[in-house]
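A.B. asks: missing the sequence, but the structure's below:
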């Protein structure tokens, strides 16, 4: 059983930065691709970013490309999301998730999710 715990959310002004962390329990963290998703009030959960098992490749939603960076530390069983240039439309609950296969943009390919961390961007 894999357990994911996000942290690092909070309130930030427009244009500010935050770094989210996701600590993953269990063995074989380096065997999983990981992803970040978000859900704004009244909207469906949407893909943000994903990273391969080794961390050598990353993929982003167009809405965050160039502003957000996903990374991982396989020695610390942690995945990160660095968010720069935050905008009000980035306000959402952010979730990290473990993929059961390769890095993917499809929610159905993720089999474990964290509880989420709130990010609020004030304009």
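C.D. replies: In hand now; what should we look at? The shown structure was predicted, so the numbers you read here are calculated from the model rather than taken from an experiment. Numbers count the residues shown, from 1 in each chain.
A.B. asks: by mean pLDDT, point me to the weakest helix or strand of the protein.
C.D. replies: strand 110-113 (a mean of 95; mean pLDDT, DSSP states H and E).
A.B. asks: so what does the helix or strand following that strand touch, helix or strand wise?
C.D. replies: For strand 110-113, the following helix or strand on the C-terminal side (DSSP states H and E) is strand 117-122. Judged by 3 or more C-beta pairs under 8 Å, 6 or more residues apart in numbering; DSSP states H and E, strand 117-122 is in contact with strand 10-13, strand 18-24, strand 92-99. In short, each C-beta sits where N, CA and C put it, glycine included.
A.B. asks: can you do 10 Å?
C.D. replies: Under the contact criterion of 3 or more C-beta pairs under 10 Å, 6 or more residues apart in numbering; DSSP states H and E, strand 117-122 touches strand 4-7, strand 10-13, strand 18-24, strand 78-83, strand 92-99.
A.B. asks: quick one: which of these is nearest residue 120?
C.D. replies: strand 10-13 (4.8 Å; C-beta to C-beta).
A.B. asks: tell me the strands beside that closest one, with direction?
C.D. replies: With DSSP bridges as the test, strand 10-13 is paired with strand 117-122 (parallel).
A.B. asks: what's around residue 1, how many residues?
C.D. replies: 5 (other C-beta atoms under 10 Å).
A.B. asks: wait, isn't it in contact with residue 98?
C.D. replies: No: applying C-beta atoms under 10 Å as the test, residue 1 and residue 98 come out as separate, 11.1 Å apart.
A.B. asks: between those two, what contacts are shared?
C.D. replies: Residues touching both residue 1 and residue 98 (C-beta atoms under 10 Å, 6 or more residues apart in numbering): 26, 112.
A.B. asks: right, and the helices and strands packed on strand 117-122 - which one's nearest residue 52?
C.D. replies: Nearest of the helices and strands packed on strand 117-122 (C-beta to C-beta): strand 92-99, 9.4 Å.
A.B. asks: avg pLDDT for that closest one?
C.D. replies: Mean pLDDT, computed over strand 92-99, is 97.
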